[in-house]
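> when you get a sec, could you give me coordinates for this:
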Amino acid sequence: MNKKERRAIVNNSLLDNPNMETQAKEKPHKIVLRTVFLVVLFALLFISYIFNFATDLYPEGLNTYCTAEFNVENHYNASSCDLIIIKPYKNINTAKAGDIICFSTNTEEGSGKLVSMAGEDVVIKLRNGETKTIKQVCIIGKQVEKVAVVGFFWAFLDSYVGIIVLSLIILAYVAFLTFSRINYENTEHGKKLYKRFRYKQAEERQRKKLLKEVRGIEGIDLKISQMLEGDFEQNKKKFLEFDYETKGKLKDKYKYILAEIHDAYLGKEDLSKEEKRRITAITELMTVPKDFDLDMEYMLIDLNLKTHLYDFDEDAFLQSSIEFIEGCDHKSDLINFGSVLYILVYKNSRIRDEKMVEIIKKYQERMSEFDKMGDSKQNDISKAILNLIKI
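Sure, this is the predicted structure:
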């Protein structure tokens, strides 16, 4: 395997190659609901435009006219938001005195009580008691029925307010759909990245909470230093006893200590032997919490890329790593651990020995078990590490 192929394997395993993503379709019922909602809104807006601009007459359907008003001053014997149903006369001469007729002129619409007809002139009584003379051609028909309250929706569509409100609703909904998808990747890989991002946010909040709880305790830096100055078993014991009345899990305590070391040493140009030993010690303890998230991965990689291991206890690391691998319940934790393991082998040629091979073999076995359970996410970290060891 040449250098280019090895690099491709490492990039594929450490970066979860985005070119391998597959398209994920959205749930059909959500698409249908959104489509129906938008179609209904546009249909109502279209009807509202017709009511307001396309005709001077009352809206008609099935040889019946309907109208409704918020302000019924021009309508005889009607209340606000009543739906008024109008039937046209087949022969206007059949109209009788007392009929409530609806009319539409060049200047107004309304209704009144028929008083008399003389040729083309029709005299009606208005709501305010006055009489009005209109032409027969202005008569739409006879008011045959009215339905209370229902007319509100009709009046709404037959007003400029309806056009404005419906337009704003459509604009707001389309804007919501647009902006909610600006940073959304509609793929399986994108969904996994989003879940990982949310998980990382929660982890960061937890870490900040833990930091806030222990920042004010005197001697915390000294205790961390003392905790990392012994051998593996001594450091492990001190780590497990490291509490300070916090309620965090082992992983939270480990991440706090690791973050302190990371923030203190990463910016330094030169590290002393003691500081290198502390980085090595915190690396030896990385499997003790039994969980291994992305924050731990990137901080450990940063520190171990900065310096070589110093007084590294391979035997203790071998035993601790195998216990972690055998008890690991999440493949993502195992992949994060493998990424750090690759950096350790890449940076420290002296640990490329049989003990590391034993760890890798156990790592491969556990990864195969996850694959059998249906988690077939590609991971070639073990191959990349074995290629570095070359035993």
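> would you map the helices across the stretch 101-250 of the chain?
Ranges of helices within the stretch 101-250 of the chain are 151-157, 160-179, 188-214, 220-227, 232-241, 250-265, based on DSSP state H, counting those that start in this stretch.
> got those as CSV, with distance to Ser332 and mean neighbour count columns?
Where C-beta positions appear, they are placed from N, C-alpha and C, glycine not excepted. CSV is the format used below for these (distance: least, C-beta to C-beta, whole Å; neighbours: other C-beta atoms under 10 Å):
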stretch, distance to Ser332, mean neighbour count
helix 151-157, 54, 20
helix 160-179, 30, 13
helix 188-214, 8, 13
helix 220-227, 28, 15
helix 232-241, 23, 15
helix 250-265, 13, 19
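> out of these, flag the one nearest Val115.
Of all those, helix 151-157 sits nearest to Val115, with 26.2 Å by C-beta to C-beta.
> where are the low-confidence patches of the stretch 1-150 of the chain?
Low-confidence segments of the stretch 1-150 of the chain (pLDDT under 70): 1-26, 54-62.
> so which residues of the stretch 251-391 of the chain form helices?
Assigned by DSSP H, counting those that start in this stretch, the stretch 251-391 of the chain shows helices spanning 273-284, 294-306, 314-327, 331-347, 354-372, 381-389.
> among those helices, which gets the worst mean confidence?
Lowest mean pLDDT within the helices of the stretch 251-391 of the chain: helix 381-389, a mean of 83.
> name the residues of that helix that come out as buried.
381-386 (16 or more other C-beta atoms under 10 Å).
> chain center to that helix: distance?
Centroid separation for helix 381-389 versus its chain: 38 Å, with C-alpha atoms, centre = their mean, to the nearest Å.
> can you give me the angle that helix makes with helix 354-372?
With axes from the mean of the first three to the mean of the last three C-alpha atoms, to 10 degrees defining the directions, helix 381-389 sits at 160 degrees from helix 354-372.
> tell me what helix 381-389 is packed against?
If contacts are counted by 3 or more C-beta pairs under 8 Å, 6 or more residues apart in numbering; DSSP states H and E, helix 381-389 sits against helix 3-15, helix 331-347, helix 354-372.
> put the alpha carbons of that helix into CSV.
Extracted C-alpha coordinates of helix 381-389, given in CSV (Å, rounded to 0.1, in the frame of the first residue of the first chain):
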residue,chain,number,x,y,z
ILE,A,381,-8.4,3.1,11.5
SER,A,382,-7.1,-0.4,12.6
LYS,A,383,-5.7,-1.0,9.1
ALA,A,384,-4.0,2.4,9.1
ILE,A,385,-2.4,1.7,12.5
LEU,A,386,-1.2,-1.8,11.5
ASN,A,387,0.3,-0.3,8.3
LEU,A,388,2.3,2.0,10.5
ILE,A,389,3.5,-0.7,12.8
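> from Glu120, how far off is Asp99?
Separation of Asp99 from Glu120 (C-beta to C-beta, to the nearest Å): 17 Å.
> so between those two, which is more surrounded?
Neighbour tally, Asp99 and Glu120, criterion other C-beta atoms under 10 Å: the higher count belongs to Asp99, 17 against 11.
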